[in-house]
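# let's see this in three dimensions:
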Amino acid sequence: MNIIVPMAGRGSRLRPHTLTVPKPLIKVGGKPIVHRLVEDISKMCKEKIDEVAFVIGDFGEQVEKELIAVAKDLGAKGSIHYQKEPLGTAHAVLCAEQSLEGPVIVAFADTLFKADFQISEEIEGMIWVKQIDDPSAFGVVKLNLANEIVDFVEKPTEFVSDLAMIGIYFFKDGAALKRELNYLLENNLQKGGEYQLPDALRRLTEKGTTFLPGKVDAWLDCGNKKVTVDTNKHVLNFDHEKGLNLVDKNVDIVNSTIIQPCFIGTGAKIIDSVVGPHVSIGENTIVRSSVLSNCLIQNDSSLAHLNLKDSMVGALVEIHQKPKDLSVGDFTKIHDAE
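Predicted coordinates:
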């Protein structure tokens, strides 16, 4: 089984946090988004994961090393492929053409999920979906009476279905998907200047491939600051329910209260503060004389005299004053005027 993870976009809606770190490598609950994604997918597979193929832009050598390490943690080979132009979802998947053999899962790296089903080796295909109240902003699937997917509709203006595709797909025959993706490019079948994956899915369906819906219990977006902070909250709840210890043993907590669930990374220091619930604090970050709730703080930062909620703070940040709601990127310093 191979997993293909298209992640070439820089995540402009999550700026300034994505100016220095690609969105899939931003940590929620102490772990990069893409790491959580492939880890959760692997738990649904009965087959061993052989390879994780990452389709990226020009992110640099350090990012590539981190992605290879994510695959290695699963006991899989990691490979790097490049999408040099933003030519759509179908084009992104085809950039990892060498990995489109045998059973394949395609998982776009801007979403997380919670589900309790497993992928059966007997099915031909599966598309992860979530039932939502307003499907007009999403691509949806249409089912027949046998619970099989028969059509794909992008942002329907009239009601077709309330089952939105969340960006994760299973194909028993990766080579068949590769043929249809190549067909789109060879015949220049674009929509809005891009090659779209649902067009390849539709061609597979018309040729007899049966796709079933995999209904997830939770769909967690990481598209902007507000929803990423909310995703951090849900991830902490899920990990806490599993009984995981989210506070590293190498943490200094002095005259402070931690209200669970919280993640606190190794080397962090919490002094004269109240932290939680739903706060993630990265490695080596120092929090002093502050009250934090529902916040996502990255590594190596220093926060003092703050009362923060619903906030996101990047790495290597210094904030020593009293704002209430922040979205601060990496390498920022904010101090009271002297």
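
# which stretches in the protein count as helices?
Under the criterion DSSP state H, the chain contains helices at 33-43, 61-73, 89-94, 174-186, 197-206, 225-241.

# pLDDT (mean, whole number) over the longest one?
Per-residue pLDDT values over helix 225-241 give a mean of 93.

# what's that helix packed up against?
When contacts are defined as 3 or more Cβ pairs under 8 Å, 6 or more residues apart in numbering; DSSP states H and E, helix 225-241 packs onto strand 27-28, strand 111-114, strand 218-221, strand 262-264, strand 291-297, strand 307-313. Placement of C-beta: from N, CA and C, glycine included.

# could you redo the last one with a cut-off of 7 Å?
strand 27-28, strand 111-114, strand 218-221, strand 291-297, strand 307-313 (3 or more Cβ pairs under 7 Å, 6 or more residues apart in numbering; DSSP states H and E).

# next: the third one.
The criterion is 3+ Cβ pairs under 7 Å, 6+ apart, and the helices and strands that helix 89-94 contacts are strand 2-6, helix 174-186, helix 197-206.

# run the last query once more with 6 Å
Helices and strands touching helix 89-94, by 3 or more Cβ pairs under 6 Å, 6 or more residues apart in numbering; DSSP states H and E, are helix 174-186, helix 197-206.

# what residues does it touch?
4, 6, 55, 83, 106, 181, 184, 195-197, 200 (Cβ atoms under 6 Å, 6 or more residues apart in numbering).

# so F54 touches V5, yeah?
Yes - between F54 and V5 a contact is recorded at 5.1 Å, counting by Cβ atoms under 6 Å.

# mind checking how far G267 is from T257?
From G267 across to T257, the span is 20 Å (Cβ to Cβ, to the nearest Å).

# who's more crowded, these two?
For G267 versus T257, neighbours defined as other Cβ atoms under 10 Å are more numerous around G267 (16 against 11).

# leaving out chain neighbours, which residue sits closest to that one?
Sequence neighbours aside, N284 is the residue nearest to G267 in space, at 4.0 Å (criterion: Cβ to Cβ, 6 or more residues apart in numbering).

# what residue ranges in this protein score low on pLDDT?
In the predicted model of the chain, residues 8-22, 322-338 satisfy pLDDT under 70.

# okay, buried residues for stretch 251-266 please.
251, 253, 256, 258, 261-265 (16 or more other Cβ atoms under 10 Å).

# quick one: end-to-end distance for it.
Distance between the two ends of stretch 251-266: 6 Å, counting by Cα to Cα, to the nearest Å.

# again with stretch 252-260
16 Å.

# got a list of contacts for it?
With Cβ under 6 Å, 6+ apart, stretch 252-260 has contacts from 269-277.

# which of these lies closest to P213?
Nearest to P213 out of those is P277 (Cβ to Cβ; 33.6 Å).

# so H240 makes contact with F263?
No - the criterion here is Cβ under 6 Å, and H240 misses it with F263 at 9.6 Å.

# rewinding a little: pick the most deeply packed of the helices and strands packed on helix 89-94.
Mean neighbour count (mean count of other Cβ atoms under 10 Å) peaks for helix 197-206 among the helices and strands packed on helix 89-94, with a mean of 20.

# CA atoms only: put that helix into CSV for me.
Output of helix 197-206 as CSV, limited to C-alpha atoms (Å, rounded to 0.1, in the frame of the first residue of the first chain):
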residue,chain,number,x,y,z
LEU,A,197,-9.2,14.8,-9.6
PRO,A,198,-13.1,14.3,-9.6
ASP,A,199,-12.9,14.2,-13.4
ALA,A,200,-10.7,11.2,-13.2
LEU,A,201,-12.9,9.6,-10.5
ARG,A,202,-15.9,10.1,-12.8
ARG,A,203,-14.1,8.3,-15.7
LEU,A,204,-13.2,5.4,-13.4
THR,A,205,-16.9,5.2,-12.3
GLU,A,206,-18.1,5.2,-15.9
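
# any idea of the angle it forms with helix 174-186?
120 degrees (axes from the mean of the first three to the mean of the last three Cα atoms, to 10 degrees).

# which residues touch helix 197-206?
Applying Cβ under 6 Å, 6+ apart, the contact partners of helix 197-206 are 89-90, 152, 180-181, 184.

# mind running it again at 7 Å?
Residues outside helix 197-206 that contact it (Cβ atoms under 7 Å, 6 or more residues apart in numbering) are 89-90, 93, 139, 149-150, 152, 154, 176-177, 180-181, 183-184, 189, 211.
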